[in-house]
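**Student:** curious how this folds, go ahead:
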Amino acid sequence: MADAWVHAVIDLIAYGRPYFDLHKEKDKPHEFLLSNHRIVNHKWYQAYKRLWNFHDPFPSWLKESIRILGNEEGADKAEEKMAWVDHDYIDRTWDVLSDQDRKYCEGFFAWVLFSPDILKHWAGVDVFKGRIQRVIKSREILESSPGLKSEYKRLYNYVKAVVRNNKILQNMLEHYGQEIKSIKGGSEL
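**Tutor:** Sure, this is the predicted structure:
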């Protein structure tokens, strides 16, 4: 399974928010069920090949139900639901990757996380100003997200600690040209 931080970085890219706690909560049963943890909190994972597949991971009926949720309970609830569902999609994808490919993915997502300019210009997430680029009713806006700065800082420091304890990720980030000095030690963000 992909670590919660990998899920959180993917959500930061996709939604502009990391939903780190959501992913930690979803995988909490791993503490006592280990690899069998996906029997709890992972309904979409279990529905693979019955309700969805890699060619159609988010069928139209699912998108419609999330749209309705957004209309009834707000866009934030709909986005959280999508993050909950895409967690299972990412886990299924992770299952088919080799250990080496998983490391490459982790290296890539750490690199993106540690590259605020890439987050801003590629993903539309300004982690320093706490703004997310959105398209609403065909108009591009910069939405204020007051909690984004602290959520990013928390995720950044968490992943920094992961990298500090993982020589393979350190080597990958050095290869990517990432400024590794601040990751190996030094100050927090």
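
**Student:** state the pLDDT value of residue 47.
**Tutor:** Per-residue pLDDT puts residue 47 at 89.

**Student:** so how far is residue 53 from it?
**Tutor:** 10 Å (C-beta to C-beta, to the nearest Å). All C-beta spots, glycine's among them, are computed from the backbone N, C-alpha and C.

**Student:** please apply the same query to residue 19.
**Tutor:** Residue 19 is 24 Å from residue 53, by C-beta to C-beta.

**Student:** state which helix of the chain is the longest.
**Tutor:** helix 75-95 (DSSP state H).

**Student:** got the contact list for it?
**Tutor:** Contact with helix 75-95 is made by 1-2, 6-7, 10-11, 14-15, 17, 19, 22-23, 26, 38, 42-45, 48, 52, 54, 57-58, 62, 66-67, 69-70, 102, 105, as judged by C-beta atoms under 8 Å, 6 or more residues apart in numbering.

**Student:** repeat for stretch 57-72
**Tutor:** Stretch 57-72 has contacts (C-beta under 8 Å, 6+ apart) with 51, 52, 77, 78, 79, 81, 82, 85, 86, 89.

**Student:** try 10 Å
**Tutor:** Outside stretch 57-72, the residues that touch it by C-beta atoms under 10 Å, 6 or more residues apart in numbering are 44, 47-48, 51-53, 56, 75-82, 85-86, 88-90, 92-93.

**Student:** got a PyMOL select line for the buried ones in those residues?
**Tutor:** Command for PyMOL, covering only those of the contacts of stretch 57-72 found buried under the criterion 16 or more other C-beta atoms under 10 Å:
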select buried, resi 44+48+52+78+79+80+81+82+85+86+88+89+90+92
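
**Student:** lowest-pLDDT helix or strand in the protein?
**Tutor:** helix 181-184 (a mean of 50; mean pLDDT, DSSP states H and E).

**Student:** endpoints of stretch 142-156, how far apart?
**Tutor:** End-to-end span of stretch 142-156 (C-alpha to C-alpha, to the nearest Å): 22 Å.

**Student:** what residues sit buried inside that stretch?
**Tutor:** Buried residues in stretch 142-156, defined by neighbour count with 16+ other C-beta under 10 Å: 145, 148, 149, 151, 152, 154, 155, 156.

**Student:** what segments of the protein are helices?
**Tutor:** In the chain, helices defined by DSSP H lie at 4-15, 20-26, 30-33, 43-46, 60-73, 75-95, 99-113, 116-122, 148-164, 167-175, 181-184, listed in chain order.

**Student:** tell me which of those helices sits nearest to residue 132.
**Tutor:** Set against residue 132 and scored by C-beta to C-beta, these come closest in helix 148-164, at 7.0 Å.
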